[in-house]
Each structure stands twice: as structure tokens, then as C-alpha cells.
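**Q** 3D, please:
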Amino acid sequence: MAERPTVAEMRDRFTQCAQHYGSTIPRDAGLVWDRYIAALLEWGLISPADHSELSDLLPKVTDNPVLGVFLGWDQDAAPGTSLGSTGE
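**A** Alright, predicted model coming up:
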């Protein structure tokens, strides 16, 4: 089994993704990364603080479906809410 990902490793991967797309991470790729780091948080592989730091590096998406998957579809998440800081 691989070691837990570090914030530095994830930052590097985000940078590589942005470079691949010409300097910024596009919306769809950002959603994929958002779900990936949400899964890392859910599985206890990164801390809520790490998740918050990493999610701040991703493009902001209104009506982000990742929030519905992670928090439940009936939850009202404020715009810009990150999974690491749900306000609970």
C-alpha cells in the first residue's frame, strides 16, 4: 500500500495538472481533483486542515456536485464552502 499523500505532493500534482492545461486547472479537472481530495479526507488519509488548504488551490465552482456527494443532497452548503470546513 502506498504512503499517505502529503500536501506538498498534492500541490505538485495540481501544478502539473495546471501546466498540462496551459497554466490553470479547468473546471472539470478541478471537480475531479475536488472529489479526489474529498475521498482522501473521508478515508482519513488527509486532515480537514490539509483538505482546506488543498481545496483553496482548486478553481471555485458554484453548485459543486462534490458537496452533494460528500455532504448529502439535502444539505445546504454555502457557496464556496469547502469540505474541510462544513460549518458544523
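**Q** So which elements touch the helix or strand bottoming out on mean pLDDT in the chain?
**A** None of the helices or strands of the chain scores lower by mean pLDDT, DSSP states H and E than helix 65-71, at a mean of 78. Judged by 3 or more C-beta pairs under 8 Å, 6 or more residues apart in numbering; DSSP states H and E, the packing partners of helix 65-71 are helix 27-42. From N, CA and C alone the C-beta is placed, and that goes for glycine too.
**Q** ok, the spatially most central residue of the chain - contacts?
**A** Centroid-nearest residue in the chain: residue 34, 2.9 Å away (criterion: C-alpha atoms, centre = their mean). Residue 34 makes contacts with 55, 58, 61, 64, 66, 83, as judged by C-beta atoms under 8 Å, 6 or more residues apart in numbering.
**Q** repeat that for 7 Å
**A** Taking C-beta atoms under 7 Å, 6 or more residues apart in numbering, we find residue 34 in contact with 55, 58, 64, 66.
**Q** again with residue 29
**A** Taking C-beta under 7 Å, 6+ apart as the test, what residue 29 contacts is 17, 21.
**Q** can you rerun that using 6 Å?
**A** residue 17 (C-beta atoms under 6 Å, 6 or more residues apart in numbering).
**Q** can you tell me how far it sits from residue 46?
**A** Using C-beta to C-beta, to the nearest Å, residue 29 is found at 19 Å from residue 46.
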